[in-house]
Every structure is written in C-alpha cells, then in structure tokens.
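Novice: build the 3D model from these lines:
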Amino acid sequence: MKRILITGGAGFIGNHVVRLFVNKFPEYEIYNLDQLTYAGNLENLKDIEGKENYTFIKGDITNAQFIDELFIKYQFEGVIHLAAESHVDRSISDPLAFVNTNVIGTVNLLNAAKSCWANDYSNKLFYHISTDEVYGSLGEEGLFTEETSYDPQSPYSASKGSSDHFVRAYANTYKLPIVISNCSNNYGPNQFPEKLLPLCINNIKNNKPLPIYGKGENIRDWLYVVDHARAINTIFHQGRAGETYNIGGINEWKNIDIVKLLCDIMDKKLNRPEGKSRELITFVKDRAGHDMRYAIDASKIEKELGWTPSLQFEEGLEKTVDWYLSNTNWLENVTSGDYQNYYSNQYQS
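Specialist: Sure, this is the predicted structure:
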C-alpha cells in the first residue's frame with residue numbers, strides 16, 4: 001500500500017500518525033483528510049507541510065459524494081480512519097453530531113473503499129481506530145480484552161461502538177479487509193484543551209481552578225500519543241486482517257492522583273512553592289453516565305506484533321508539560337473564541 005488516506009490527520013492523535021508515516025515512509029503518498037473543526041489544527045503539522053509525499057485535503061466525511069469522488073481521484077490503497085467526534089461531554093450535549101460523524105462518516109468511507117477496490121482486495125486495508133470506552137465500565141478488578149462485550153455508556157461511546165460494528169459487518173458481508181484497534185486515554189503534545197491534562201496544564205499556568213468531576217475517583221489507563229502512533233504503524237503493517245487489537249499504556253491512575261502529580265510537576269517547572277497548584281483543585285458536579293474505570297489488556301499486540309509502550313508515565317507527563325510550556329502560542333490560539341464559551345458552560349460547579 002503506497003497511497004494512504006488518513007482521516008482526522010489534523011487532530012490530536014491524527015497529526016502524530018501523519019507525521020510518523022510521512023517521515024518514516026518517504027516512498028508512500030500520504031493524504032490527510034480533515035474538516036478542520038474546532039479540534040483540527042493545521043498548526044500541528046507545520047513541520048511536514050512542505051514534504052513532497054504529503055497532501056492535505058479539507059473535507060467532510062459525512063458528505064458521501066465528496067468521499068466517493070476522492071477515492072476515484074486518488075485511488076487510495078489503504079485507509080487509516082481516525083476522524084471522529086471524541087469528547088464525551090460534547091456528546092451529551094449534542095448526540096446527533098456524533099451519530100453523523102462517527103457512524104454515517106464511517107459508513108461513507110466503507111462504501112467508497114468497497115466501490116473503489118471493486119472486490120480486488122489484494123494489498124488493501126481499511127484500518128478503523130476506536131476507543132476502550134465501547135466496552136463500558138470496569139469494577140475494581142479486571143481488564144478489557146478484545147473479546148469483552150460492548151456496553152457503551154455515553155452517546156460518544158455508543159457512536160464509536162456502532163461504527164465498529166459497521167466495520168466488522170463490511171468485513172463479514174463484503175469481505176472487506178479491515179482491522180480495528182481500541183485504545184485507552186491518550187495524552188501528549190497537541191491535545192485540544194478540553195481534555196483533562198491540557199486543560200489542567202493551561203489552568204495551572206494561568207492560576208485558574210482545576211475542575212475535577214465528582215471526587216476524582218474515576219480510573220483511566222493512560223497512553224502517550226506518540227506510542228499510540230507507533231502502535232498504529234505496527235498494526236497497519238503487521239496486523240492480521242479481520243483482527244482487533246487493544247492498545248493500552250498499562251498505566252492506571254485515578255483522576256485526582258494524576259492531577260496532583262501534574263500540579264507538583266508544574267510547581268517545579270514554574271518555580272512555585274510546593275503544593276501551590278494543588279490549591280487550584282475544584283470538585284464539580286459529576287458527569288452523567290461517568291464510567292468508573294477503564295483498563296486495557298494489551299497482551300495481544302505485544303505477543304503477536306511486539307509492540308509495548310516506550311515511556312513510563314511520569315516521563316511522558318513531564319515531556320507533555322514541557323511541550324505545552326514551550327508552545328504557549330499554540331495553546332493561546334486554541335483556547336480563544338468559541339472554546340472559552342464552551343468551557344464556561346461545561347464546567348460550572
């Protein structure tokens with residue numbers, strides 16, 4: 001596969017995947033399709049925008065005719081599908097937006113691939129990136145495996161679970177060569193500051209309250225975004241068609257504990273008295289349908305494909321803080337305008 005379409009490539013995870021493929025495989029032609037909604041930002045890709053093997057295409061995956069014409073024009077041989085609405089809070093406010101992008105958009109891409117490849121599936125692959133949230137919530141023990149039954153608890157996870165089912169249905173019905181991966185919470189550079197870590201980094205920097213849902217007891221498995229991009233590359237090139245792979249950081253933290261650690265790191269970086277940033281922690285009303293715990297069993301991808309996370313969490317978190325403090329212009333650009341209105345409406349105690 002030499003002509004590869006990456007959807008959502010200007011977003012948080014997508015820009016790291018695009019960068020890896022463009023730099024690592026100069027013989028490939030990488031096409032980045034992104035609608036550039038609030039979370040898509042071409043500033044994320046300034047370092048590669050002039051590369052000969054990189055093309056950016058602005059467009060909407062919910063426009064079926066546009067997607068069909070795109071496949072006809074460029075004759076993509078591989079698809080890495082990341083484009084999605086991904087913030088749970090927004091899905092609670094506007095479920096239909098998640099149905100349109102995550103379900104309809106995915107089916108449009110599947111139809112275009114099926115039509116373009118015309119049942120000649122040799123050296124073709126449709127790779128769909130999903131989330132561990134489709135599995136629902138865990139108790140104090142246990143891990144999500146690739147065989148865990150789906151039990152989505154929010155409109156976001158329901159839309160992603162639906163798109164997963166459509167991808168598998170196209171494999172079963174039309175024999176489309178597919179692969180799916182379900183990942184845990186990502187963190188790292190370029191993440192839009194509606195998510196927990198960049199939101200807290202920005203607020204600590206500006207001495208603003210740190211809104212923590214409930215008592216902060218919810219547990220997540222955290223995966224450094226560059227490691228996720230490495231895993232996507234590994235699965236795309238080595239994964240078995242028809243298979244699902246769980247990608248996790250093997251790294252569980254309570255939300256309150258991760259925020260406290262982040263406060264301590266920020267105090268050192270900003271030369272503040274120890275414990276100063278912890279004073280900003282503010283508990284707010286819990287989110288509706290808030291899953292208590294996610295944890296990924298990533299043994300399959302390790303055993304079959306040899307992938308493991310490269311960073312310990314404390315190291316990854318420090319690298320993340322350093323990036324945001326060194327890229328204040330980026331942070332200021334994305335936290336202006338509409339986002340400020342959304343922030344004030346979403347996180348009222």
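
Novice: so where do the strands sit in the chain?
Specialist: In the chain, the strands defined using DSSP state E lie at 3-7, 29-34, 54-58, 78-81, 125-131, 178-183, 185-187, 210-213, 219-224, 244-247, 252-254, 281-284.

Novice: next, the buried residues of the fourth one.
Specialist: Think strand 78-81. Across strand 78-81, burial judged by 16 or more other Cβ atoms under 10 Å covers 78, 79, 80, 81. Every C-beta, even on glycine, is put in place using the N, C-alpha and C of the backbone.

Novice: how close does the last one get to residue 10?
Specialist: Same thing as residue 81. 14 Å (Cβ to Cβ, to the nearest Å).

Novice: quick one: low-confidence parts of the stretch 1-150 of the chain?
Specialist: 1 (pLDDT under 70).

Novice: brain fart, the stretch 201-349 of the chain
Specialist: 337-349.

Novice: please repeat the previous calculation with a cut-off of 50.
Specialist: 339-340, 343, 349 (pLDDT under 50).

Novice: can you list contacts of stretch 45-65?
Specialist: 7, 9-10, 15, 18-19, 22-23, 25-36, 42, 66-67, 70, 83, 100-101, 104-106, 108-109, 111-112 (Cβ atoms under 8 Å, 6 or more residues apart in numbering).

Novice: are any of those residues buried, and if so which?
Specialist: 7, 9-10, 15, 18-19, 22, 25, 28-35, 67, 70, 83, 100-101, 104-106, 108-109, 111-112.

Novice: in CSV, list the strands of the chain along with distance to residue 91.
Specialist: What follows is the strands of the chain, written out as CSV (distance: least, Cβ to Cβ, whole Å):
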stretch, distance to residue 91
strand 3-7, 19
strand 29-34, 20
strand 54-58, 24
strand 78-81, 18
strand 125-131, 12
strand 178-183, 17
strand 185-187, 16
strand 210-213, 15
strand 219-224, 17
strand 244-247, 22
strand 252-254, 23
strand 281-284, 18
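
Novice: do I have it right that residue 274 meets residue 267?
Specialist: Yes - between residue 274 and residue 267 there is a contact at 5.7 Å, judged by Cβ atoms under 8 Å.

Novice: name the residue in the two with the higher neighbour count.
Specialist: Taking neighbours as other Cβ atoms under 10 Å, residue 274 and residue 267 compare with residue 267 leading, 17 against 10.

Novice: check contacts around the residue lying closest to that one once chain neighbours are set aside.
Specialist: Leaving aside its sequence neighbours, residue 267 sits nearest to residue 277 (Cβ to Cβ, 6 or more residues apart in numbering; 5.2 Å). Contacts for residue 277 (Cβ under 8 Å, 6+ apart) come out as 204, 210, 262, 263, 264, 266, 267.

Novice: quick one, helices of the stretch 151-300 of the chain?
Specialist: 155-174, 196-205, 225-238, 255-269, 299-305 (DSSP state H, counting those that start in this stretch).

Novice: and of these, who's closest to residue 329?
Specialist: helix 196-205 (12.9 Å; Cβ to Cβ).

Novice: now do the buried residues in the closest one.
Specialist: 196, 197, 198, 199, 200, 201, 202, 203, 204, 205.

Novice: do stretch 272-279 as well
Specialist: Neighbour-count burial for stretch 272-279 [16+ other Cβ under 10 Å]: 277, 278.

Novice: please save the CA atoms from it in PDB.
Specialist: Provided in PDB are the C-alpha atoms of stretch 272-279 (Å, rounded to 0.1, in the frame of the first residue of the first chain):
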ATOM      1  CA  ARG A 272       6.200  27.900  42.500                       C
ATOM      2  CA  PRO A 273       6.100  26.800  46.200                       C
ATOM      3  CA  GLU A 274       5.500  23.100  46.500                       C
ATOM      4  CA  GLY A 275       1.800  22.400  46.800                       C
ATOM      5  CA  LYS A 276       0.700  25.800  45.400                       C
ATOM      6  CA  SER A 277      -1.000  24.400  42.300                       C
ATOM      7  CA  ARG A 278      -2.900  21.800  44.300                       C
ATOM      8  CA  GLU A 279      -4.800  24.700  45.900                       C
END
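
Novice: starting at the chain centroid, how far to it?
Specialist: Distance, stretch centre to chain centre, for stretch 272-279: 31 Å (Cα atoms, centre = their mean, to the nearest Å).

Novice: same question for stretch 315-325.
Specialist: With Cα atoms, centre = their mean, you get 18 Å for stretch 315-325.

Novice: what's in contact with that stretch?
Specialist: 187-190, 197-198, 201-202, 205, 222, 224, 258, 261-262, 265-266, 269, 311, 331.

Novice: do stretch 252-269 as well
Specialist: Outside stretch 252-269, the residues within contact range by Cβ under 8 Å, 6+ apart are 196-197, 200-201, 204-205, 210, 212-213, 215-222, 272-278, 280-281, 293, 295, 313-314, 317-318, 321-322, 325.

Novice: then stretch 15-26 to PDB, C-alphas only?
Specialist: C-alpha atoms of stretch 15-26 as PDB (Å, rounded to 0.1, in the frame of the first residue of the first chain):
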ATOM      1  CA  ASN A  15      -1.200  14.600  13.500                       C
ATOM      2  CA  HIS A  16       1.200  12.300  15.200                       C
ATOM      3  CA  VAL A  17       0.200   9.400  12.900                       C
ATOM      4  CA  VAL A  18       0.500  11.600   9.800                       C
ATOM      5  CA  ARG A  19       3.900  12.900  10.900                       C
ATOM      6  CA  LEU A  20       5.200   9.300  11.600                       C
ATOM      7  CA  PHE A  21       4.100   8.000   8.200                       C
ATOM      8  CA  VAL A  22       5.300  11.000   6.200                       C
ATOM      9  CA  ASN A  23       8.700  10.900   7.800                       C
ATOM     10  CA  LYS A  24       9.200   7.200   8.100                       C
ATOM     11  CA  PHE A  25       7.900   6.200   4.700                       C
ATOM     12  CA  PRO A  26       9.000   8.800   2.000                       C
END
